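J.: The sequence isn't on hand, but the structure is:
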Ligand SMILES: Nc1ncnc2c1ncn2[C@@H]1O[C@H](COP(=O)(O)OP(=O)(O)OP(=O)(O)O)[C@@H](O)[C@H]1O
């Protein structure tokens, strides 16, 4: 679905992403990992089509720059970190915005749009909040409203930037179970994680960025090693394989010396 070949992004005169080469197959759930400032959000924004880049970046085999804006908005939905809102929108208004790429200029929303909105809100367990003002919801509830907006958009590719950042542990798992259901139904998901265990549990593949370079790409069991956690995340950790087949990362302490990356 997405192919990058030597993808390079510069911001403010500085190269942020250095020649990334990877593929995101349709129907996969890819976890994007890396320390603070490693380039995860920049990569999400680049794939969403809002940042200029050099090198090759293809969506469904076609260069991203050649996609018309509206067509791209029907294919790609983004859930950003804690979006800020300037106006008093209701929850329904926010989710309806996800339907905009499917409408013509000034075309009114229809019953079908409102049904999609209701379904999306039910999926994130917020059907009761439909008519509330968005700023009266908690941070975690707002996060779920923005996932509902992406669901209502019915895009094939969902880009989630730290989707579980504001969620309590119950909703982290429930949210990611729902995302996994979407993948099972054929959507493609790229999600930024800071919780390595959650990433390993939910993603089929992990991409790891470090200082704008792609330093690992593969299945969680191969990528998440004690060595990688030490070199990239500067944490001494032990990985335990549990009897039920799950893996548990036990963090011991931060590593203070400068990491050496091969
Ligand atoms: N508009 C910009 N101009 C200049 N530098 C930028 C700009 N946006 C981001 N950067 C820099 O690019 C680097 C990567 O930022 P990015 O937000 O992609 O990292 P991240 O991996 O998502 O970090 P975090 O985990 O902290 O959210 C950082 O050093 C950041 O300061």
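T.: Looks like it arrived, so ask away. The structure presented is a predicted model; accordingly, all values stated were derived computationally and were not measured.
J.: Counting neighbours, what do you get for the residue nearest to residue 234 when sequence neighbours are not counted?
T.: Spatial nearest neighbour of residue 234, excluding adjacent residues (C-beta to C-beta, 6 or more residues apart in numbering): residue 255 at 4.6 Å. Quick note: C-beta positions are derived from backbone N, CA and C, even for glycine. Counted with other C-beta atoms under 10 Å, residues neighbouring residue 255 total 15.
J.: And residue 254, by the same measure?
T.: Applying other C-beta under 10 Å, we find 9 residues neighbouring residue 254.
J.: who in the protein is up against the ligand?
T.: When proximity is defined by C-beta under 6 Å from any ligand atom, the chain lies next to the ligand at 11-12, 14, 16, 34, 36-42.
J.: For residue 23, what are phi and psi?
T.: phi -130, psi 140 (degrees, to the nearest 10).
J.: any idea how far it is from the ligand?
T.: 20 Å (C-beta to the nearest ligand atom, to the nearest Å).
J.: coming back round to it: got the phi and psi for the residue nearest to residue 234?
T.: According to degrees, to the nearest 10, residue 255 has phi -100, psi 120.
J.: I figured it hits residue 236, correct?
T.: Yes. The criterion here is C-beta atoms under 8 Å, and residue 255 meets it with residue 236 at 5.7 Å.
J.: joint contacts of these two?
T.: Common neighbours of residue 255 and residue 236, using C-beta atoms under 8 Å, 6 or more residues apart in numbering, are residue 230.
J.: quick one: stretch 108-122 to chain centroid distance?
T.: 23 Å (C-alpha atoms, centre = their mean, to the nearest Å).
J.: repeat for stretch 191-205
T.: 10 Å.
J.: before we move on, back to that, buried only: go through the residues of the chain next to the ligand for me.
T.: 16, 34, 38-42 (16 or more other C-beta atoms under 10 Å).
J.: Just the helices from the stretch 101-250 of the chain, written as ranges.
T.: 111-123, 139-153, 169-184, 196-202, 220-223, 226-233 (DSSP state H, counting those that start in this stretch).
J.: possible to save those as TSV with distance to residue 59 and mean neighbour count?
T.: Output for the helices of the stretch 101-250 of the chain, formatted as TSV (distance: least, C-beta to C-beta, whole Å; neighbours: other C-beta atoms under 10 Å):
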stretch	distance to residue 59	mean neighbour count
helix 111-123	23	17
helix 139-153	15	23
helix 169-184	18	16
helix 196-202	23	20
helix 220-223	24	16
helix 226-233	28	18
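J.: among the ones you listed, which is nearest residue 88?
T.: helix 139-153 (13.3 Å; C-beta to C-beta).
J.: quick check, distance from that closest one to the centre of its chain.
T.: That offset, for helix 139-153, works out to 13 Å (C-alpha atoms, centre = their mean).
J.: helices or strands next to that helix in the packing?
T.: strand 76-79, helix 91-97, helix 111-123, strand 157-160, helix 169-184 (3 or more C-beta pairs under 8 Å, 6 or more residues apart in numbering; DSSP states H and E).
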